[in-house]
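> quick one, fold the following:
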Amino acid sequence: MRAKRPLRRPVKRKPAEMPSAPWEGSVPAALRERFGEAIETTQLLGGQRLAIVDIGAAAGILAMLKNERGFDYLVDVTAVHWPEKEKQFEITWILYSFASNDRVRVKAAVGEGAKAPSATSLYNSANWLEREVYDMFGIEFEDHPDLRRILMPDEWEGFPLRKEYGLIQQDADWVRENLKIESAQ
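Here you go, the predicted model:
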């Protein structure tokens, strides 16, 4: 008969930190020169170029990056919900330059009920990406040509990627009402 091994206590580890450094160069310098204090910070975060900006200047910043700096492709628009913050949402636009094979991320905070600028007049790809952010978080984009749900059914209530959202209950209710079965959740 084997002797029982003593249980090992889990080792408490500090969460990994993303390496960060200032992002310097012609793009951040041009942003600071044109937009001043609306550029909160420019940094390399995990090797990725990031500009954290005021939401009021985001449309102008996106336009400058496209028209003057060659970031001709909008890769993604996404968001994060931080319910404990005054401005609960952070929106991130990821831009790419085919000419220089370069990426930049532009991030801005927006409060509950405030609108973010739409990038649809600059990038065709913004249409569905902004609709997805609206559908999942409830963030509205000013001057968007067709802001409506894209992933969830039209009658769905709430926004599934908000932290306080009770997805399992909502899903069970929707399945019961629309499919007339009990959810497997």
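
> just grab the bridge partners of residue 89 for me.
Each beta-bridge partner of residue 89 is listed here, defined by DSSP bridges: residue 81, residue 110.

> list the residues that contact it.
79, 80, 81, 82, 109, 110, 111, 112, 137, 139 (CB atoms under 8 Å, 6 or more residues apart in numbering). Quick note: C-beta positions are derived from backbone N, CA and C, even for glycine.

> quick check, pLDDT for residue 6.
What the model reports for residue 6 is a pLDDT of 68.

> likewise the one 5 residues further on?
We have a pLDDT of 78 for residue 11.

> got the contact list for it?
Contacts were defined as CB under 8 Å, 6+ apart; by that measure residue 11 touches no other residue.

> okay, and residue 52 sits in which element?
In this structure, residue 52 is located in strand 48-53 according to DSSP states H and E.

> who's in contact with that strand?
Counting by CB under 8 Å, 6+ apart, the neighbours of strand 48-53 from elsewhere in the structure are 23, 27-28, 31, 35, 38-44, 61, 102-108.

> tell me the first helix or strand C-terminal of it.
Of the helices and strands lying after strand 48-53 in sequence (DSSP H and E), the nearest is helix 58-67.

> any idea of the angle that following helix forms with strand 48-53?
Orientation check (axes from the mean of the first three to the mean of the last three CA atoms, to 10 degrees): helix 58-67 against strand 48-53 gives 140 degrees.

> with only the CA atoms kept, save helix 58-67 in PDB.
Listed next in PDB are the C-alpha coordinates belonging to helix 58-67 (Å, rounded to 0.1, in the frame of the first residue of the first chain):
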ATOM      1  CA  ALA A  58     -11.000  60.200 -31.800                       C
ATOM      2  CA  ALA A  59     -12.600  60.900 -35.200                       C
ATOM      3  CA  GLY A  60      -9.900  63.500 -36.100                       C
ATOM      4  CA  ILE A  61      -7.200  61.100 -35.000                       C
ATOM      5  CA  LEU A  62      -8.500  58.200 -37.100                       C
ATOM      6  CA  ALA A  63      -8.900  60.500 -40.100                       C
ATOM      7  CA  MET A  64      -5.300  61.800 -39.700                       C
ATOM      8  CA  LEU A  65      -3.900  58.300 -39.400                       C
ATOM      9  CA  LYS A  66      -5.700  57.200 -42.500                       C
ATOM     10  CA  ASN A  67      -5.300  60.200 -44.700                       C
END
